[in-house]
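*Asks:* Would you be able to build a 3D model of this:
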Amino acid sequence: MQRRMPEMGERFLTMMEVSQKQAYIFSSNKLKDNIVNSSVIAWIMDFAYFQSIEGIKNKYSKKKNLVYTGGGHTVLEFASRDDAKEFVKAVTMQIHKDYDGIEAFAYTMEYQDFKTPGENLKELARGLERKKSVRRAAFHQGSFGVEKISPLTLSPVRVHPAVLKMPDMGKETDNMLAPEAYECVSHFEKLGTDKDRSSFIAVVHIDGNAMGRRLEELYQAHQDLEWEEYKKLMQSFSSDTDRDFKSAYKDMVTIVEKNLRSGRLQELKLEEKAFPVRRIITEGDDICFVSEGRIGLECAVLFLKALEKKKNKTDHKGYAACAGIAIVHQKYPFYRAYELAEELCASAKKFGVSLAQEEGRHISAIDWHIEYGEMGSSLKEMRRNYTAADGNRLEMRPYIVSAAESVRQTEPLRWYGNFQKLIGKLVSGDIFYARTKIKGLRTALKQGEAAARHYLKFYGIEDILPDSYYDIFKEMDYSRIGTGFRMERPVFVNTSDGRRRSFLFDAAEMMDTFIGLEGWQDDVTDKNEAAV
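*Replies:* Numbers count the residues shown, from 1 in each chain. Okay, here's the model as predicted:
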């Protein structure tokens, strides 16, 4: 590699990051607190916050000192190590004073002119990770014994005077992302849950695929850029990513609004003007929102399909992402629900990579779990309950939302569009079997393939099954249901991981926790649902 000639003047780079952001944001079971905590995290890494701190606010400027913000951290540059130390000390002390419970890390290194800008930034990131990994301990004052204790977290109730002086960043973002005619709710029960029918909320976590890889590719493609030009490149890529993910969220919200106006969501017990989706985190490629439990799955898919249409103006590449949806009761510990959503998102990403390895980054996939009160320590433990008595798997999850044509040959059965068709028929009444018989099928499937086939024949409902594995990829012919037509059809099918899985269980389990949204087929072109 060609080495650079030294530039005139010293330069020091600093990377700042808030540690354990999710633990702070989701420390409360109150939606309003989660939203405020998310805004706090965004605010303390914003240069406007830095400029509000006495002693440094007139010495440093965004134009001169900010390199870029993205990927959960902020990168700055200074003319000397002393300037960097002064800045970091002032900022971290002010954060500790203003917002108890937040832990911020910073790492500073001298810019090495014989390395490329990308190499310097990678070394800076590695240095911060090393610093975080060797910290000796983290101490926090628990309680002095006189504070008000939260009955949900068993910790002192936080009172942040600085929050009162903080710009209402959450409200500003909501005004940009929520429909104008509706109001963003601040309590879970106002999302439209109905204690008589459904008291579930959906916690949705979405994360962009291989965004770190894209940064690495930017490093490689622009090795010859000088530092100032490279800064502009990074700032542009970060702002483009943030804008595109927010735009996808807005597209999703627009279709939900259309469904509200059409009356399709009348089952939701919404107060006047209340909107059934509430954003919590919309920072770069990191997205978290909550919704009424019955529309969470469709909202996540809408987001992924809308994102697929976007293209970053800096690297001229499109996006793929994965989503995890934890469908839980309102009173379920919220931080645990978010952790579960993260695990589900990771499961979807792992599934994509298992299908296409390197090309897995281009597969958008989705995974979900409905929590009925069991408190498993991990998704792996929860999924043990999805093993039938004969060793077959009950769940087909995760599902593919979008992918290249070649992926069809690898896994032709696990496309969300076909799950959506099946469950749409089950909940719409087009299949006129009693719901109790469909729900009873879940128990039969758990007992194994032989028991499930016997159940279907005993109740005369085996014509719910398609003629073959691949017919679920075609426009399913439900016209023969109830006509007495009979033939031998598969109950469990082979999948690419070598397991036999049921393609009925997911839909049967989701029946009471699903409302399909109209418009996603029309508003977002789905190129992945052609017949095999």
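*Asks:* Let me see the ranges of the strands in the stretch 1-150 of the chain.
*Replies:* Ranges of strands in the stretch 1-150 of the chain, per DSSP state E, counting those that start in this stretch, are 12-19, 66-70, 73-78, 103-110.
*Asks:* Which neighbouring elements make contact with the last one?
*Replies:* By that I understand strand 103-110. Contacts defined by 3 or more C-beta pairs under 8 Å, 6 or more residues apart in numbering; DSSP states H and E place strand 103-110 against strand 12-19, helix 81-98, helix 117-133. For every residue, glycine as well, the C-beta is placed using N, CA and C.
*Asks:* Make JSON lines out of those and add mean pLDDT and distance to residue 189.
*Replies:* Formatted as JSON lines, those follow (pLDDT from 0 to 100; distance: least, C-beta to C-beta, whole Å):
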{"stretch": "strand 12-19", "mean pLDDT": "94", "distance to residue 189": "30"}
{"stretch": "helix 81-98", "mean pLDDT": "93", "distance to residue 189": "31"}
{"stretch": "helix 117-133", "mean pLDDT": "91", "distance to residue 189": "38"}
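*Asks:* Would you reformat these as CSV and include mean neighbour count and distance to residue 317?
*Replies:* Output for the helices and strands packed on strand 103-110, formatted as CSV (neighbours: other C-beta atoms under 10 Å; distance: least, C-beta to C-beta, whole Å):
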stretch, mean neighbour count, distance to residue 317
strand 12-19, 21, 25
helix 81-98, 17, 33
helix 117-133, 16, 17
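*Asks:* Count the residues that sit near the nearest residue to residue 420 once chain neighbours are set aside.
*Replies:* Closest residue to residue 420 apart from its sequence neighbours, by C-beta to C-beta, 6 or more residues apart in numbering: residue 516 at 6.7 Å. Taking other C-beta atoms under 10 Å as the criterion, the count of residues near residue 516 is 17.
*Asks:* ditto for residue 442
*Replies:* Using other C-beta under 10 Å, residue 442 has 16 other residues around it.
*Asks:* List the buried residues in stretch 236-245.
*Replies:* 237, 238, 239, 240, 241, 242, 244, 245 (16 or more other C-beta atoms under 10 Å).
*Asks:* Can you point out the helix or strand that includes the third one?
*Replies:* Counting by DSSP states H and E, the element that carries residue 239 is helix 227-262.
*Asks:* Point out the other helices and strands that the next helix or strand after that helix packs with.
*Replies:* Where DSSP H and E defines the elements, the next helix or strand beyond helix 227-262 is strand 274-275. Where contact means 3+ C-beta pairs under 8 Å, 6+ apart, strand 274-275 is packed against strand 183-184, helix 227-262.
*Asks:* related to what we said a few turns ago, now do the helix holding residue 239 and helix 117-133, the angle between them.
*Replies:* 70 degrees (axes from the mean of the first three to the mean of the last three C-alpha atoms, to 10 degrees).
*Asks:* the inter-axis angle of helix 227-262 versus strand 73-78?
*Replies:* 150 degrees.
*Asks:* residues of helix 227-262 that come out buried?
*Replies:* 227, 230-231, 233-235, 237-242, 244-246, 248-253, 255-260.
*Asks:* Report how many residues lie close to residue 457.
*Replies:* Residues near residue 457, counting by other C-beta under 10 Å, number 11.
*Asks:* so residue 212 sits in a strand?
*Replies:* No - under DSSP: H, G, I helix; E, B strand; the rest coil, residue 212 falls outside any strand and is assigned helix.
*Asks:* Disregarding residues adjacent in the polypeptide, which is nearest to it?
*Replies:* residue 71 (7.6 Å).
*Asks:* And the one you found, how far from residue 286?
*Replies:* If you measure residue 71 against residue 286 using C-beta to C-beta, to the nearest Å, the figure is 9 Å.
*Asks:* Spatially nearest residue to residue 37, not counting backbone neighbours?
*Replies:* Leaving aside its chain neighbours, residue 37 sits nearest to residue 25 (4.4 Å; criterion: C-beta to C-beta, 6+ apart).
*Asks:* Residues in contact with stretch 260-274: which ones?
*Replies:* 181-183, 185, 190-194, 197, 256, 259, 275-276, 292, 294-295, 515, 517-518 (C-beta atoms under 8 Å, 6 or more residues apart in numbering).
*Asks:* circling back: the residue nearest to residue 420 falls within a strand, correct?
*Replies:* No - checked against three-state DSSP, residue 516 lies outside a strand; its state is coil.
*Asks:* Quick check, pLDDT for it.
*Replies:* If you check residue 516, the pLDDT there is 91.
*Asks:* Which other helices and strands does the host helix or strand of residue 328 contact?
*Replies:* Applying DSSP H and E as the criterion places residue 328 in strand 321-329. The contact analysis (3+ C-beta pairs under 8 Å, 6+ apart) places strand 321-329 against strand 200-208, helix 296-308, helix 334-356, strand 364-370.
*Asks:* Show me what the mean pLDDT comes to for the longest one.
*Replies:* It stands for helix 334-356. 93.
*Asks:* ditto for the first one
*Replies:* The pLDDT scores in strand 200-208 average 96.
*Asks:* Adjacent strands (with direction) for it?
*Replies:* Partners of strand 200-208 in the sheet, by DSSP bridges, are strand 286-292 (antiparallel), strand 321-329 (antiparallel).
*Asks:* Contacts made by the first one with the rest, please.
*Replies:* Residues from elsewhere that reach strand 286-292 (C-beta under 8 Å, 6+ apart): 31, 72, 188, 191-193, 198, 200-207, 245, 249, 268, 276-282, 296, 299, 303, 338, 341.
*Asks:* now that strand and helix 334-356, what's the angle there?
*Replies:* Angle of strand 286-292 versus helix 334-356, following the same axes, to 10 degrees, is 120 degrees.
*Asks:* What mean pLDDT does strand 286-292 get?
*Replies:* pLDDT averaged over strand 286-292 gives 95.
*Asks:* any low-confidence regions in this protein?
*Replies:* Scanning the chain for pLDDT under 70 picks out the ranges 1-9, 135-176, 196, 374-375, 408, 429-434, 463, 466-489, 520-532.
*Asks:* does residue 19 really touch residue 103, like I thought?
*Replies:* Yes - here residue 19 reaches residue 103: they are 4.4 Å apart, a contact under C-beta atoms under 8 Å.
*Asks:* Which residues are in contact with each of the two?
*Replies:* Residues touching both residue 19 and residue 103 by C-beta under 8 Å, 6+ apart: none at all.
*Asks:* if we can go back for a sec, for residue 360, find the nearest of the strands of the stretch 1-150 of the chain.
*Replies:* Closest approach to residue 360 among the strands of the stretch 1-150 of the chain (C-beta to C-beta): strand 66-70, 22.8 Å.
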